[in-house]
Structure formats: structure tokens, C-alpha cells
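Participant: sequence plus predicted model, see below.
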Amino acid sequence: MFEGLGVGLAVRERAPLPPPDTGDWRPARLSEALPPHRLDDAGLAAELQRVQQIQAALHAYQLALVSEFADRRPASADPRCRPPGADPAVGELAEVSGVSEFFPDELAQVLTCSRTAATVLLEQAEALTGPLRRTGAALADGAIDWPRARVIATRLQVPLAETDPAVLAAVQEAVLPRAPHLSVSALGALVDRELLAHDPAGADARRAEARRRRTDVTRRTPPSGSADGLGELVVTGPVERIAAMWDAAHAHALLLREGGDARHLGELREQALHDLVTRPWDTTRPAVTAQITVLAPLPTLSAATAGPGAPVATEPAEVDGRPITAAHLRRVLEELDGLCPGGLQAPAGGSLRVALTEGATGALRAVVTRAQLERLAEQRCRDHPDDACGCAVLDRPEDVDGYRPSRRQRRYTTTRDRHCRMPGCRNEAGWADLDHVVPHACGGPTSCENLCCLCRRHHRLKTHAPGWVFTMAPDGTLTVTTPSGVTRVTRPPGLRVSAAPVGARPDAAPVARGADDPPPF
């Protein structure tokens, strides 16, 4: 005679089923498996709270994964010397945590994010799985959500190395019970107060250290989600100086308003800040100049130079990598004094280059000045003066026998790449090195098909970091594979994407990393 009920369950790991061979297949969505419309108001509220707890647990799990990943990339594998171009902030991080200076770059490729975002995530993982593990445990248990755990880590992150662990423990003990019931901003203020209360002597030292670590004083970035031709200038500095700069810009904006300028006050503040920095009225000082790069397809350029009534151009132009319309382009060219009766002219103190691309692929073929283009148009083909041959009079710069690229190759490559070609990096080509993808010491030619722009940091990574593989196709498509096997592809701006699957590697065989350049690279 049996009493009760017994159930046996066998669990076996299976490989995931391949998706059906149909073009319209997609994975099932949670909103289909768990339809929200079947829940009442209380059910929706409860489900949102459960989602918040799950997200907190996933963030904690992500931090644990990053911490373990970082442990497998020790700084002991990095170059012993720190040559010019090495990031001092990353070097200090490596000295403190023992993590390779190149690990944030690998993490950025794994997560398809910027290196800055990867570095921040690494620092958060190091903090919340180390000195702030109590906060990390509260996150993993769903007691607090990620925004609250992040603000605690951010406020305590700078003084981690300089603060007594007992102080960090006391601050966490004071703020964690109240954290779920405070807004994120109020929680951040509470952390600041508790830290000052428990360690007043270290407050001045931490402030000085924060100012010393301020390596990037300014950064240019477009507003989040912006495609309206605007940009942002973000300045980091002592709070009293930032407040003084804001007050000065605001006061000058009010003077412009009192003088009859009817523009929006925010626009007037931007005008005042621009004038205070560039000082166009001050002739006693050397002129303040700036470098901007304007890129415009021929139809857009034609519409801009033709003025009102011209056909509308559908392809945008670019100013320092940000898209603008043809009308905006005309205003930029007028301000730069780049328009003339014959079309375009080089602005005073600037230059004008014409980039010729293939119509079908968008691949760059040649870069010339206006004067060079006019001379070639007059000379025509030397072998066929009747113009019936179709011979090319312009093409990519010729290869050179030596190691150093020619000036024509540099002009061509920087125009083609426009910025560092490491996936996710936007450092401008004017500040980048021309790198031999196949190292010159390993037989790589000094040709445009083997040269690409890499910023100094990523040039060093390619040369020194173990396990990275770089390959480049003749059209400039660069494929980068991390030591963990993640592959990313970056194409020159303007090159039209082929029908190949996203992430597919070119047919060219991988080329191992090699000693491309002598130190310091």
C-alpha cells in the first residue's frame, strides 16, 4: 500500500534548437508568453516589481561575470614600460586592481559599447564585488535596484583606495536600510553626508585626488538621440569655478536680451559662452582658431551652394562626424567664407579637399585639392586626347617601398577612415597613427590597402596585447577579433554595406599580431 505521491524528474542538457529556415522567423517574446493585458492593475504593479528584482539580480550577475573576466586578464601580461600615449588613468587602475590595461577594450568589444562605458562597468564590478560587496549583495538579493546600487558605488568609488574599509562598511550600514525608500538623488546626497560624517579628515584629500584624476577636461558629444545639427561641450571642474562660468554666461545672455536680442535664453547663453571663449573683439591677442571637418556628398554640396530653390538633397553632410542638412551646410560654409562665385574655395587658414568615390560601392578612390582637380581636367588623358578611352587619371596613391607612408597615402587614409578604426572608437583621424594591418616587419606592404587609422592607444593594443587579431579587406573593411573570440567589423564611413551577414568575417586568412612599429608603439 502506497501513501502519498512520488514524482521522478530527469533533467538533461540539450543544445538549443536551430531557428526554422524561414525569413520571417523570430524568437518568442515575453509579452506573448505572459500577455500584460490579462493582468489587472494590482497584477501589473506586482509584475513590474518582480521585473525590477530580476533586473537587479541580472545586474549583479553581470558584475560577477565582469569581475571573473577581469581576473583572467592580469596586468602582468602588459608591457613593462609605459610609453607616451598610454592612458595614465588606466595605468593607475591596473596598478590598484591588477587588471590588464587592455581589458576594458576587450570588454567594450564583447558588449559593443564604448571603452569608457566598459571601464566604468569594470570599476563598478571591482567595487561591488570587493570593498562594497555588501551593496552588491543587496543588489543580487533584489533589496535595491541597479540605479541605487550604482549611485552608492559612484559616490564611494573615488575614495575606495584611500578610505578605511571600516568607514566604507559604516557608510553602507547607514545608507542601505534607507536606500529602497529614497530617490536616487536623495540617496547620493545621503552617501555624501555619511562619508563626510565618518571620515571628515579624508574629505579634502579625496577632493584633491578627484581633481588630479580629471584627465579629460572637456569632451564634445552630440546630445542624446540628437540629429538636429547640435553638439554639447561638457566641462568638468571644481564646483565653484563651474558655478562662476555658468553665472557669467547667464549674465552676458541677459545683457544680450536687454539689448533687443529675442532669441531663446538658452541660445543666448551659448552665444555668450562662445564669445567669451573665442573673444572675437579682442585684437590684442593672437586669433583663436579651431579645426572642424566638413564632409558633404556632391548632391548635398550642390544644393547648399545653389541656395534657396535648389532641389532637396536627401543625403546629409557632416560637421565633425555629426549629420547636418544642406541648408545648415550652406550656413556653415558662409560662416567659414568657403563660398565663392565659382562654387567653393578654401577658407582662410583652412584647406579644401575633394574626395572621389565609386558610385556603386562608395569606396574612396582618390583625394585631391581643387587646383589639382582643375589641372587634371585640363590635361585629360595623355594617351587618348579625344576622351574616348575611359582611362582613369586619378586613383589610390601608389605603394611605397619604405616603412613610412607617403603624404598622399596619409591624406587618402585619413580621409577614408575619418577616425580611429577600432570598433567603437571615435578618436579623430588627425590624432591617429597610420598602422600597417599586416606588420611591415612581417612583410606587410606600405599600401593604402594595408594602412588604417588607429589612435595611439589602439595602435599599442594591436602591437602589444596578446591574442588580438586584425585583418583588413582591400576596400578598407577592418575585422577585429578579441582574445575571447568575439569578432567585430568596422567599415570606412560612406562604404556601402554588402549583402554579407552582419558580423561575417572576410575570406582573407587572419593575420597574427606582430611587432609592427618600434617603441613606443
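Facilitator: Sure, I can see it. Every value quoted in this text rests on a predicted model; they were computed, and no experiment measured them.
Participant: list the buried ones in the longest helix belonging to the chain?
Facilitator: Counting by DSSP state H, the longest helix found in the chain is helix 41-71. Neighbour counts over helix 41-71 (16 or more other C-beta atoms under 10 Å) mark 56, 59-60, 63, 66-67, 69-70 as buried. For every residue, glycine as well, the C-beta is placed using N, CA and C.
Participant: could I get stretch 176-186 in CSV with only the CA atoms?
Facilitator: The C-alpha trace of stretch 176-186 is given here as CSV (Å, rounded to 0.1, in the frame of the first residue of the first chain):
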residue,chain,number,x,y,z
LEU,A,176,21.4,50.6,2.8
PRO,A,177,18.4,50.3,5.1
ARG,A,178,17.1,53.6,3.8
ALA,A,179,18.1,53.2,0.2
PRO,A,180,14.9,51.5,-1.2
HIS,A,181,12.8,54.4,0.2
LEU,A,182,14.9,57.3,-1.2
SER,A,183,15.1,58.7,-4.7
VAL,A,184,18.4,58.2,-6.4
SER,A,185,19.5,61.8,-6.0
ALA,A,186,18.5,61.8,-2.3
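Participant: that one: which residues count as buried?
Facilitator: So for stretch 176-186, counting by 16+ other C-beta under 10 Å, buried means 176, 179.
Participant: mind listing residues that contact that stretch?
Facilitator: Here stretch 176-186 makes contact (C-beta atoms under 8 Å, 6 or more residues apart in numbering) with 134-135, 138, 143-144, 147-148, 151-152, 187, 190.
Participant: rerun at 10 Å
Facilitator: The contact list for stretch 176-186, computed with C-beta atoms under 10 Å, 6 or more residues apart in numbering, reads 134-135, 137-138, 142-145, 147-152, 172, 175, 187-191.
Participant: residue 460: what secondary structure?
Facilitator: helix (DSSP: H, G, I helix; E, B strand; the rest coil).
Participant: and for residue 413?
Facilitator: helix.
Participant: quick check on residue 446: phi, psi?
Facilitator: Backbone torsions for residue 446, taken as degrees, to the nearest 10, come to phi -90, psi 80.
Participant: what's near enough to touch it?
Facilitator: 399-406, 409, 434, 436, 440.
Participant: let's have those in TSV, adding secondary structure and neighbour count.
Facilitator: What follows is those, written out as TSV (DSSP: H, G, I helix; E, B strand; the rest coil; neighbours: other C-beta atoms under 10 Å):
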residue	secondary structure	neighbour count
399	coil	14
400	strand	14
401	coil	6
402	coil	8
403	coil	13
404	coil	11
405	coil	22
406	coil	15
409	helix	20
434	strand	19
436	strand	23
440	helix	18
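Participant: now the two most distant members of these.
Facilitator: By the measure C-beta to C-beta, 401 and 434 form the most distant pair in the contacts of residue 446, at 16.0 Å.
Participant: pull the contacting residues for the residue nearest to residue 357 when sequence neighbours are not counted.
Facilitator: Among residues not flanking residue 357 along the chain, residue 364 sits closest, at 5.4 Å (C-beta to C-beta, 6 or more residues apart in numbering). Listed by C-beta under 10 Å, 6+ apart, the contact partners of residue 364 are 355-358, 396, 412-413, 415-417, 448, 475-476, 492-495.
Participant: which of those fall in strands?
Facilitator: 355-357 (DSSP state E).
Participant: nearest to residue 31 among these?
Facilitator: Using C-beta to C-beta, those come closest to residue 31 at residue 357, 43.8 Å.
Participant: quick check: that closest one touching residue 494?
Facilitator: Yes. Counting by C-beta atoms under 10 Å, residue 357 does reach residue 494; the two are 6.4 Å apart.
Participant: common neighbours of those two, please.
Facilitator: 297, 363-364, 416.
Participant: need the phi and psi values for the residue nearest to residue 357.
Facilitator: phi -70, psi 130.
Participant: and the pLDDT at it?
Facilitator: Confidence at residue 364, expressed as pLDDT, is 84.
Participant: what distance do you get for it to residue 175?
Facilitator: Residue 364 sits 55 Å away from residue 175, going by C-beta to C-beta, to the nearest Å.
Participant: what of residue 47?
Facilitator: 28 Å.
Participant: list of residues touching stretch 51-65?
Facilitator: 30, 110-111, 121-122, 124-129, 135-150, 153.
Participant: could you redo the last one with a cut-off of 8 Å?
Facilitator: With C-beta under 8 Å, 6+ apart, stretch 51-65 has contacts from 121, 124-125, 128-129, 136, 139-142, 144-146, 149.
Participant: ok, these vs residue 456, which is closest?
Facilitator: For those, the nearest to residue 456 is residue 121 (23.2 Å; C-beta to C-beta).
Participant: so that closest one, which of the three states?
Facilitator: Residue 121 ends up helix, using three-state DSSP.
Participant: I'd assumed residue 107 was in contact with it.
Facilitator: Yes. Contact status for residue 121 versus residue 107: in contact at 6.9 Å, counting by C-beta atoms under 8 Å.
Participant: burial check on residue 455, number of neighbours?
Facilitator: 22 (other C-beta atoms under 10 Å).
Participant: who touches it in this structure?
Facilitator: Per C-beta under 8 Å, 6+ apart, neighbours of residue 455: 420, 422, 425, 427, 431-433.
Participant: please enumerate the strands of this structure.
Facilitator: 218-221, 232-235, 294-295, 317-319, 322-324, 339-340, 343-344, 353-357, 364-369, 433-436, 451-454, 469-472, 478-481, 487-490.
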